[in-house]
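Novice: sequence first, predicted coordinates after that:
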Amino acid sequence: MAGHAPDAVMFERLAVAALNRLPDPFAQHLGDIVIRVEEFADRETLNALGMESEWDLSGLYHGNPLTEQSVWHSGSMPPQVTLYRQPLLAEWCETGVTLEALVTHVVVHEIGHHFGLSDDDMHALEDQVR
């Protein structure tokens with residue numbers, strides 16, 4: 001419906017579509033990644049990251065990167081990527097970049113943390129996902 005902001009379900013669909021476009025060997029290691037959509041990061045998360053404003057965080061990776069996982073982590077929660085809907089909507093409105101491109105950028109960046117990638121590696125991966 002025109003005039004309405006995309007809801008959390010739409011954000012999740014865009015995020016899953018971005019994950020599905022990841023090339024091998026990345027794609028084969030994403031089976032346990034959970035995608036969550038929240039309106040904003042909570043104060044505890046922002047404080048832990050040293051951030052003042054809830055508008056400054058658009059996504060976050062929670063979990064142990066593959067480079068740090070072992071059999072000793074078998075009881076831990078699955079890794080997850082959280083998208084923060086309101087900051088992403090604000091960026092979408094302010095920049096004119098498509099929502100799909102913004103969500104893809106955040107998902108690829110956060111998945112990069114799952115693989116222990118550098119920022120340069122994340123940018124190269126994002127180019128492959130577009």
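Specialist: Happy to help now that I have it.
Novice: all strands of the chain, in order?
Specialist: Taking DSSP state E, the strands of the chain run over residues 34-38, 59-62, 80-84.
Novice: select, out of those, the one closest to Pro23.
Specialist: strand 80-84 (17.6 Å; C-beta to C-beta). All C-beta atoms are positioned from the backbone trio N, CA, C, and that covers glycine.
Novice: the closest one pairs with which strands, and in what direction?
Specialist: Partners of strand 80-84 in the sheet, by DSSP bridges, are strand 34-38 (parallel), strand 59-62 (antiparallel).
Novice: what's the most buried one of these?
Specialist: Stretch with highest mean neighbour count among the strands paired with strand 80-84: strand 59-62 (a mean of 19; mean count of other C-beta atoms under 10 Å).
Novice: neighbouring contacts of that one?
Specialist: Residues from elsewhere that reach strand 59-62 (C-beta atoms under 8 Å, 6 or more residues apart in numbering): 41, 45, 49, 77, 79-84, 88, 106-107, 109-111, 113-114.
Novice: mind saving the C-alpha coords of the top helix by length along the chain as CSV?
Specialist: Longest helix in the chain by number of residues (criterion: DSSP state H): helix 99-115. Only the C-alpha atoms of helix 99-115 are listed here, as CSV (Å, rounded to 0.1, in the frame of the first residue of the first chain):
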residue,chain,number,x,y,z
LEU,A,99,15.6,-0.3,0.7
GLU,A,100,16.8,-3.6,-0.9
ALA,A,101,20.3,-2.1,-1.4
LEU,A,102,20.4,-0.8,2.2
VAL,A,103,19.2,-4.1,3.7
THR,A,104,21.7,-6.0,1.5
HIS,A,105,24.5,-3.8,2.6
VAL,A,106,23.7,-4.3,6.3
VAL,A,107,23.2,-8.0,6.0
VAL,A,108,26.4,-8.5,4.0
HIS,A,109,28.3,-6.4,6.6
GLU,A,110,26.9,-8.3,9.5
ILE,A,111,27.4,-11.7,7.8
GLY,A,112,31.0,-10.6,7.2
HIS,A,113,31.5,-10.6,11.0
HIS,A,114,30.2,-14.2,11.0
PHE,A,115,33.1,-15.1,8.7
